[in-house]
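Novice: sequence first, predicted coordinates after that:
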Amino acid sequence: MSYVKNWIHCVWGTKNRIPFLGKEIRKTIHDHIKTNAKEKGVYIDILDGYSDHIHCLILLSPDRSLSKVIQLIKGESSFWINKNKLTKLRFGWAVEYFAVSVSESDVPKVRAYIRNQETHHKKKSWDEEYNELITIYGFDIIKG
């Protein structure tokens, strides 16, 4: 038997950064994403976000690619949000996403960070956070 543990911190935003995810529907959407993921065999440890983006900590199964998991979560949830008319305008997620591996020792810190999104974004916008993450993890070098 093989033992594999791949913790991944994922972040993605709404299309054009439209603040679709107001407090009144955010929990409903988050609960749906977690339930659907569980039904599809995807383990989401924690999920939270703000009006225009979501953070989640996923324990990636060794038989699934990250891109497939993200596609499953984003695609199904945007379909469900539109089918249930949870937003006035047509809902969509941005194409891009951010994902980094997390060491076992950092999992509690990442959980706390994700859990604290409401407070965190009273001080820092999604644009500021996004640019900071891109720089901290060296993606600015990869992007050129």
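Specialist: Thanks, I have the structure now.
Novice: in stretch 50-68, what's buried?
Specialist: Within stretch 50-68, the residues that qualify as buried by neighbour count (16 or more other Cβ atoms under 10 Å) are Tyr50, Ser51, Asp52, His53, Ile54, His55, Cys56, Leu57, Ile58, Leu60. C-beta: built from backbone N, CA, C; applies to glycine.
Novice: run the chain-centre distance for it.
Specialist: 6 Å (Cα atoms, centre = their mean, to the nearest Å).
Novice: now it - C-alpha only, CSV.
Specialist: Once side chains and other backbone atoms are set aside, the C-alpha atoms of stretch 50-68 remain, and they are given as CSV (Å, rounded to 0.1, in the frame of the first residue of the first chain):
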residue,chain,number,x,y,z
TYR,A,50,-14.5,36.8,0.5
SER,A,51,-16.8,38.6,-2.0
ASP,A,52,-14.7,37.9,-5.0
HIS,A,53,-12.6,34.8,-4.3
ILE,A,54,-12.3,31.5,-2.5
HIS,A,55,-9.5,29.8,-0.6
CYS,A,56,-9.5,26.1,0.1
LEU,A,57,-7.1,23.6,1.5
ILE,A,58,-7.4,20.3,-0.4
LEU,A,59,-5.9,17.0,0.4
LEU,A,60,-5.1,15.9,-3.1
SER,A,61,-5.7,12.2,-3.9
PRO,A,62,-2.8,10.5,-5.6
ASP,A,63,-5.0,9.4,-8.4
ARG,A,64,-6.3,12.9,-9.3
SER,A,65,-4.5,15.8,-10.9
LEU,A,66,-4.9,19.2,-9.4
SER,A,67,-6.2,20.7,-12.6
LYS,A,68,-9.0,18.1,-12.8
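Novice: what sits up against the helix or strand Asn131 falls within?
Specialist: Assigning secondary structure by DSSP states H and E places Asn131 in helix 126-136. Applying Cβ atoms under 8 Å, 6 or more residues apart in numbering, the set of residues contacting helix 126-136 from outside is 11, 13, 17, 50, 52-53, 98, 120-121, 124, 139-140, 143.
Novice: and the average pLDDT for it is what?
Specialist: Regarding helix 126-136, the rounded mean pLDDT is 83.
Novice: do the same with stretch 112-119
Specialist: Rounded to a whole number, the mean pLDDT of stretch 112-119 is 90.
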